[in-house]
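**Student:** Structure of the sequence below:
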Amino acid sequence: LVNPLLVTIAFAHAFAGPVLGVQNLGGSIMYSNLRVVGGSNHLLLPTNMLRLGGSLVRVERCTSRALNALRPGEFSSVFAPRAVELLRTANHSGRQFNFAMGRVLGAWALPPPPGPSAFLRYTVPSVELRR
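**Tutor:** Here you go, the predicted structure:
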C-alpha cells in the first residue's frame with residue numbers, strides 16, 4: 001500500500017525544497033551537483049525561487065575558531081596516497097571538501113587538517129554567516 005501523504009512529503013523533500021530555495025543539504029542536490037544559491041545551473045527549472053538563500057560571500061580571512069573548524073571542511077587527509085595520486089593524474093588538485101559533514105554532525109566529525117597551512121579562502125551563502 002502506498003500512502004499518498006508520505007509520497008507527497010518525500011517528493012517535496014527531494015524536489016520542491018531545492019527549487020524553492022529552502023533546502024540546500026539534500027541528497028538530490030548532492031548527487032546532481034545542483035546549485036541552489038548564487039544562481040541556478042539547472043537546465044529546465046530554476047532553483048532558489050523564493051530567494052531565501054541570499055547571495056554568495058567570499059571569505060578571505062576569518063579569526064573565528066568555530067567557523068574555521070567547519071569551513072572549508074577539507075577531508076583530504078583521510079585519502080590513501082594512491083587515491084590522491086590517481087586524482088592528480090586526472091588533473092584534479094587531490095583535495096576534497098565537505099562542509100556539510102561538519103555542519104550536520106559537528107566539527108569533531110571532520111579530520112584534523114593535514115598540518116599548519118595558510119587560510120583557505122572559500123565561498124559561502126550569506127545565510128550561512130547569519131546562523
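
**Student:** Can you give me the buried ones in stretch 93-112?
**Tutor:** 95, 96, 99, 101, 102, 103, 107, 110 (16 or more other CB atoms under 10 Å). All C-beta spots, glycine's among them, are computed from the backbone N, C-alpha and C.

**Student:** Same check on stretch 59-73?
**Tutor:** Under 16+ other CB under 10 Å, the buried positions of stretch 59-73 are 59, 70, 71, 72, 73.

**Student:** Just those residues: which are in strands?
**Tutor:** residue 59 (DSSP state E).

**Student:** Switch the buried residues of stretch 59-73 over to a markdown table; also include distance to residue 124.
**Tutor:** Formatted as a markdown table, those follow (distance: CB to CB, whole Å):
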| residue | distance to residue 124 |
| --- | --- |
| 59 | 6 |
| 70 | 10 |
| 71 | 7 |
| 72 | 9 |
| 73 | 11 |
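
**Student:** Which pLDDT does the model give residue 131?
**Tutor:** If you check residue 131, the pLDDT there is 62.

**Student:** where does this structure dip in pLDDT?
**Tutor:** By pLDDT under 70, the weakly predicted segments of the chain are 26-31, 48, 53, 113-117, 131.

**Student:** switch to 80 and redo it
**Tutor:** For the chain, applying pLDDT under 80 flags the ranges 15, 17-55, 100, 112-118, 125-131.

**Student:** can you give me the helices for it?
**Tutor:** Using DSSP state H, the helices assigned to the chain run over residues 4-11, 17-20, 27-32, 65-70, 81-89, 99-105.

**Student:** Need these in JSON lines (columns: distance to residue 52).
**Tutor:** Below are these laid out as JSON lines (distance: least, CB to CB, whole Å):
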{"stretch": "helix 4-11", "distance to residue 52": "20"}
{"stretch": "helix 17-20", "distance to residue 52": "8"}
{"stretch": "helix 27-32", "distance to residue 52": "15"}
{"stretch": "helix 65-70", "distance to residue 52": "21"}
{"stretch": "helix 81-89", "distance to residue 52": "35"}
{"stretch": "helix 99-105", "distance to residue 52": "17"}
